[in-house]
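S.K.: I need the structure of the sequence given here:
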Amino acid sequence: MTVHSAVSVAVDGSDQALEAVQWAAAAAQRLQRRLDVVSVVPPVAMPFGPLSLQSDEDAMLAARQKAETAVSVAAQVAVRTANVPVETRVIEGKPALALRAVSTRAHMLVVGRRGLGGVRGLLLGSVSTDVAAHGDCPTVVVPAGGDRTTGPVVVGFDGSPSADAALERAFDAASTMKTSLTVVHGYGGFTDEVFHGYSGQVLENLRGNAEIAVATRIAGHSERLPDVEVTIDLTTEPPAEHLSVLSETAQLVVVGTRGRGGFRGLTLGSTSQALLHVAQSPVMVVQNR
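M.R.: Just a heads-up that it's a prediction; the model follows:
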């Protein structure tokens, strides 16, 4: 990620991609960065027969024309959404590798939950997993109807280095969005049933220790950004379930690529997949770099 990097958004002509463009344009305006609208033209499968070369060329031309139309329409949507400089480009290559390359020069990369063409299945398939795991900048996945301007930023925090990176980004997002921050911590990775038969004092002690630990990690960020009002939300519920409920009223949910305890594998494992499938707000996945 470079100092003057853009907010990049991947488009493919789908309605979901245009929702991602609206979110990305608003984010670029808040961050005072330019918007980079990108479409990926994937390799065309080589047909067989005497007309194979001509068919291949025709298919590539059609795919590129579709991509050019997609970035043009997206640019128009962006200009209507926010006062932000917009650049457009079409690149060729395998979508996962192409978007990884985009991420090396982006402040963040924004995608829709579902797509067509070059980024088909960007969220739910191997491309999204690859970019979230290996990209060089945060990836934001925008669901249909998930772009809202009220509600807090919510971050999943477990004390891991990845969660620290997510916490920093969440503070920054809350500050630029001029909203509050909810820090969710699943202490011990337990459920309430585990404590059946134990005294209430045991559970209370665990909660107290967890709250102190989280508050200590938050302190430095609160000094840096005193305008952000912070709430600590301790839970023994499954993390994806709890974060999903909070996403119903959140502007943004932020998670790290890897975690431990209550948030182990939050991004790359089953918990993250569940959250990304059902979250009703945009989800930002932050890499620990």
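S.K.: how about low-confidence regions in this protein?
M.R.: Filtered on pLDDT under 70, the chain yields the residue ranges 1-3, 45-54, 115-129, 188-203, 258-274, 289.
S.K.: tell me how it divides into domains.
M.R.: Using automatic domain parsing, the domain ranges for the chain come out as 6-142, 153-286.
S.K.: just put these in a markdown table and tack on mean neighbour count.
M.R.: C-beta here means a position set from N, CA and C on the backbone, and glycine is covered the same way. Conversion of the domains of the chain to a markdown table gives the following (neighbours: other CB atoms under 10 Å):
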| stretch | mean neighbour count |
| --- | --- |
| domain 6-142 | 20 |
| domain 153-286 | 19 |
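S.K.: how about the helices of the stretch 1-150 of the chain, start to end?
M.R.: Counting by DSSP state H, counting those that start in this stretch, one finds helices in the stretch 1-150 of the chain at the ranges 15-31, 52-81, 95-103, 126-134.
S.K.: what packs against the first one?
M.R.: Contacts of helix 15-31 with other secondary structure elements, assessed using 3 or more CB pairs under 8 Å, 6 or more residues apart in numbering; DSSP states H and E, are made with strand 6-10, strand 35-41, helix 52-81, strand 106-112, strand 139-142, helix 161-177.
S.K.: of all the ones you listed, which lies closest to Pro238?
M.R.: When the helices and strands packed on helix 15-31 are compared by CB to CB, helix 161-177 sits nearest Pro238, at 16.8 Å.
S.K.: what residues does that closest one touch?
M.R.: 30-31, 138, 152-157, 180-181, 183, 217-218, 221-222, 224-225, 227-228, 251-252, 254-259, 263, 267, 284, 286-289 (CB atoms under 8 Å, 6 or more residues apart in numbering).
S.K.: whichever helix or strand comes after it - contacts with which helices or strands?
M.R.: Once helix 161-177 ends, the next helix or strand along the chain (criterion: DSSP states H and E) is strand 181-186. For strand 181-186, the contact count by 3+ CB pairs under 8 Å, 6+ apart identifies strand 153-156, helix 161-177, helix 200-224, strand 230-235, helix 239-247 as packing neighbours.
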